[in-house]
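S.K.: Let's see this in three dimensions:
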Amino acid sequence: MQCRIEGAPNPYSLWDFFNFSSPQPFVKILGSKYRTDCFNNPYGQGCFPNFVPADPDDDAEAQD
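M.R.: Numbers count the residues shown, from 1 in each chain. Down below sits the predicted model:
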């Protein structure tokens, strides 16, 4: 059963827009401000200054 919200657009999956029948090669994005390993270890030397991890649920401290 699908949950629909009145007036919301039809829900489409990525399968409706992309061809996943064959794997695509990895494309490395060049020219980033930070090294690739900074995204695996944000505390590394020369990575993100003043990095403080945040709770992924930004209302985790709020009472429901």
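S.K.: quick one: low-confidence ranges for this protein?
M.R.: Screening the chain residue by residue with the criterion pLDDT under 70, one finds the ranges 1-10, 58-64.
S.K.: tell me the centre residue of it?
M.R.: Central residue check for the chain by C-alpha atoms, centre = their mean: the C-alpha nearest the mean position is that of residue 56, 11.3 Å away.
S.K.: so where does it fall, helix or strand?
M.R.: Residue 56 is part of no helix or strand, with elements assigned from DSSP states H and E.
S.K.: buried residues in stretch 24-42?
M.R.: Judged by neighbour count (16 or more other C-beta atoms under 10 Å), stretch 24-42 contains these buried residues: residue 38. In short, each C-beta sits where N, CA and C put it, glycine included.
S.K.: I'd guessed residue 46 sits against residue 33; true?
M.R.: No: contact criterion C-beta atoms under 8 Å: residue 46 and residue 33 do not qualify, at 10.6 Å.
S.K.: May I have stretch 15-31 as CSV, with CA atoms only?
M.R.: Once side chains and other backbone atoms are set aside, the C-alpha atoms of stretch 15-31 remain, and they are given as CSV (Å, rounded to 0.1, in the frame of the first residue of the first chain):
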residue,chain,number,x,y,z
TRP,A,15,14.5,3.3,-12.0
ASP,A,16,12.1,5.6,-13.8
PHE,A,17,14.9,8.0,-14.8
PHE,A,18,18.2,6.0,-15.0
ASN,A,19,19.3,2.8,-16.7
PHE,A,20,20.7,0.4,-14.1
SER,A,21,20.9,-2.6,-16.5
SER,A,22,24.7,-2.4,-16.6
PRO,A,23,27.2,-1.1,-14.1
GLN,A,24,28.8,2.3,-14.8
PRO,A,25,32.5,3.0,-14.4
PHE,A,26,33.7,5.0,-11.4
VAL,A,27,34.4,8.6,-12.3
LYS,A,28,36.8,10.4,-10.0
ILE,A,29,35.9,14.1,-9.6
LEU,A,30,39.1,16.2,-9.9
GLY,A,31,39.7,19.7,-8.6
